[in-house]
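[1] sequence and predicted structure below; questions after.
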Amino acid sequence: MIVGWMSFLLDPELADLRGRVRHFVDERVIPNERAIVEEDRRDESATLDGLRAEARAAGLWTPHLPKDLGGLGLGFFGMAGLFREMGRSPVGATVFNCDAPDQGNMDLLRTTASPEVREKWLLPLCAAEITSAFCMTEPAPGAGADPTNLRTKAVQDGEHWVIDGHKWYSTGAGRASFLIVMARTSDDRRTGCTMFAVDRHAPGVEYVRDIPCMAEPLLAHREAELKFHGVRVGPESILGSVGEGFALAQRRLVPARLTHCMRWLGWASRILEMCRQYLATRESFGKVLARHQMVQLKLAENAKNIHAGNLMTLHCAQMLHQGQDKPARPYSSMCKDHVANTICKVLDDAIQFHGSLGYSHDLPFAEWYRHARAARIADGPDEVHRMVVARDFMLGRLDLIV
Ligand SMILES: Cc1cc2nc3c(=O)[nH]c(=O)nc-3n(C[C@H](O)[C@H](O)[C@H](O)COP(=O)(O)OP(=O)(O)OC[C@H]3O[C@@H](n4cnc5c(N)ncnc54)[C@H](O)[C@@H]3O)c2cc1C
C-alpha cells in the first residue's frame, strides 16, 4: 500500500508558533526547570503555576486541543513541531499542559466520553485544574507487555458496573482526580475489555503506594499501585462502548507514543547541544575532545539517530493527520523503539563525553538518564514494538519506500 508522500513544509503561522514556543522554553522554562522540580518535591508549585499563567497569556496553552476546548487545533503534524520544542526541557510539556498521561487522556475523552464525564472530568483536565491517570498495567500474571492478560474485572449489576482488580505503574494516579481503568467485561480476546472513567476517591479505590523506581519522581511521573475493591460506577463512566477497550487502547496509544517520541527528540537534541562546550574546550592527549575521531563517531551517530527519529516522527504524524491510523501502527512502533533507544544512547554518551563530571550531579545527565531508561519499557517494551514491525513487514503492511 502506498501510504503517502512526506511533506515537511510548515505554514508560516505554524513556523511562527514553533519559534515562539522555542523562545518561551529557552528563556522561561529552562532557566526555571530546577526550581520547578525542587518545589514539586516539596509539594509546591509556585514557579510552575507562574509559568503556566505566562504560557496561557502568550497563547501557547494546551495547543494540541481543538479550539472549542481552549487549544490551537494543531492536529498531529502541528503537534510534532511544537512538542519537540517543549520536550527540550523535561518539565516543558507540563508547563504547556501537554504532558503524559493527561494529554493522551484528554484526547481519548474528547472522542469517547459521555456528556457527564466530559463535564465532570474532561473540561477541568483541559484547564489543568485536575490531573488523571491511565490504568492498564497489572502485576504478573495480569496485563503487561501483553494487554490480553488483563485480570481486572467489571461485572454488570443492574445499571451499574462493579470493578475489582489490581493495577500498578499508573503514572500520576496518586495525585489524580480520576482514573481511566481498563477492565475485563467478557472472555472474548478482542472485545473482552471496556474502559471506565473512575473517581480516584470513590469508595473501594485503594491507593497502595507510589512505587519506588530507578528515577526520582518528576511532576506527574510517579508510578502508583492501586487496588479496586467492588468499585461501583454508573453507565455514564464507560468510554466508547462496552467491549471497545482494546480498540480504544490502540487508538490512544498510537498517538500517545508518538507524542512521547516528539518530546524525547527535543530533549535529545538539547542534550547533544549541551555537550558542545565541554567537547570544544576540554583537552586530552594534545587536542580538544571534539577533534578525537572516537568522539566524532559518537557525535555523528547520535546526530544521525536524532535526525532519523525526526523523520520517522514527522512521517507517522502526517499519517495520523491524514486519518491513516491503522497503516500508521507499525511505523509508530518503529519510531517509538528507535527514539526510546536514541534518547538513552544520547544520555549515555553525554555522561561518557563529560567523564567524571558527567557521572556527577553537577550536571543533570545522570538524573535524566534514569528517567529516560523507562522509555524502552513504558508504552510497550522494545521487543514488542520490534515484534509488531517484523510481523507487519511479513504481512506486507510495511512499505519501506515512502
Ligand atoms: C515509568 C513507567 C511508566 C508507566 N506508566 C504506565 C501508565 O501510566 N499506565 C499503564 O497502564 N502502564 C504504565 N507503565 C507500564 C508499561 O506500559 C509496562 O511496563 C509495559 O507495557 C511492559 O509490561 P510489564 O512491565 O508487565 O512487562 P512484562 O510483560 O512482564 O514483560 C517483561 C519483559 O519481557 C520482554 N518481552 C515481553 N514480550 C515480549 C515479546 N513478545 N518478545 C520478546 N520479549 C518480550 C520484554 O523485555 C519486557 O520488558 C509504565 C511503565 C513504566 C516503566
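    Yep, it's here.

[2] could you pull out the helices for the protein?
    Applying DSSP state H to the chain gives helices spanning 12-24, 33-41, 46-57, 75-86, 92-95, 102-112, 115-117, 123-126, 245-281, 293-321, 325-353, 355-359, 365-372, 382-394.

[3] among these, which comes closest to Val402?
    helix 293-321 (6.2 Å; C-beta to C-beta). Bear in mind the C-beta positions are built from the backbone N, C-alpha and C, glycine included.

[4] now do the buried residues in that closest one.
    Buried residues in helix 293-321, counted by 16 or more other C-beta atoms under 10 Å: 295, 298-299, 302, 305-306, 309-310, 312-321.

[5] which other helices and strands contact that helix?
    helix 75-86, helix 245-281, helix 325-353 (3 or more C-beta pairs under 8 Å, 6 or more residues apart in numbering; DSSP states H and E).

[6] got the angle for the lowest-mean-pLDDT helix or strand in the chain vs helix 325-353?
    Lowest on mean pLDDT, DSSP states H and E among the helices and strands of the chain sits helix 75-86, with a mean of 91. Interaxial angle, helix 75-86 versus helix 325-353 (axes from the mean of the first three to the mean of the last three C-alpha atoms, to 10 degrees): 10 degrees.

[7] quick check: angle from helix 75-86 to helix 102-112?
    Using the same axes, to 10 degrees, helix 75-86 lies at 160 degrees relative to helix 102-112.

[8] now for helix 75-86, which elements pack on it?
    Looks like helix 75-86 contacts helix 12-24, helix 92-95, helix 245-281, helix 293-321 (3+ C-beta pairs under 8 Å, 6+ apart).

[9] the ones you listed: which one's closest to the ligand?
    helix 245-281 (9.0 Å; C-beta to the nearest ligand atom).

[10] any idea of the angle that closest one forms with helix 293-321?
    Angle, helix 245-281 to helix 293-321, by the same axes, to 10 degrees: 150 degrees.

[11] now helix 245-281: mean pLDDT?
    Averaging the model's pLDDT scores along helix 245-281 yields 95.

[12] buried residues, it. List them.
    245-246, 248-249, 251-272, 275, 278-279.

[13] picking up where we left off before, CSV for the helices and strands packed on helix 75-86, including distance to Glu159?
    Shown next, in CSV, are the helices and strands packed on helix 75-86 (distance: least, C-beta to C-beta, whole Å):
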stretch, distance to Glu159
helix 12-24, 46
helix 92-95, 38
helix 245-281, 19
helix 293-321, 36
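
[14] got JSON lines for those, with distance to the ligand too?
    Compiled in JSON lines, these are given as follows (distance: least, C-beta to the nearest ligand atom, whole Å):
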{"stretch": "helix 12-24", "distance to the ligand": "25"}
{"stretch": "helix 92-95", "distance to the ligand": "15"}
{"stretch": "helix 245-281", "distance to the ligand": "9"}
{"stretch": "helix 293-321", "distance to the ligand": "19"}
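
[15] list the contacts of Phe229.
    Let me fix one detail, which is that residue 229 is His and not Phe. Shown in contact with His229 (C-beta atoms under 8 Å, 6 or more residues apart in numbering): Asp164, Gly204, Glu206.

[16] so which of the residues you listed sit within strands?
    Asp164, Glu206 (DSSP state E).

[17] so who does Gly75 touch?
    Going by C-beta under 8 Å, 6+ apart, Gly75 touches His321.

[18] switch to numbering from 489
    All right, first residue 489 from here; so that's Gly563.

[19] measure it to the ligand for me?
    25 Å (C-beta to the nearest ligand atom, to the nearest Å).

[20] and for Glu527?
    Separation of Glu527 from the ligand (C-beta to the nearest ligand atom): 22 Å.

[21] repeat that for Ala685.
    15 Å.

[22] who does that residue bridge with?
    Taking DSSP bridges, one obtains Ile668 as the residues bridged to Ala685.

[23] touching, it and Trp609? I think so.
    Yes: between Ala685 and Trp609 there is a contact at 5.9 Å, judged by C-beta atoms under 8 Å.

[24] which residues are in contact with each of the two?
    Common neighbours of Ala685 and Trp609 (C-beta under 8 Å, 6+ apart) are Leu597, Ala601, Phe666.

[25] circling back: any chance of CSV for the helices and strands packed on helix 781-809, columns distance to Ala633?
    Listed next are the helices and strands packed on helix 781-809 as CSV, based on distance: least, C-beta to C-beta, whole Å:
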stretch, distance to Ala633
helix 563-574, 25
helix 733-769, 13
helix 813-841, 13
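
[26] neighbours around the residue of the chain found nearest the ligand, how many?
    Here the chain gets closest to the ligand at one residue, Gly632, 2.1 Å apart by C-beta to the nearest ligand atom. Using other C-beta atoms under 10 Å, the number of residues around Gly632 comes to 19.

[27] no more questions from me, cheers.
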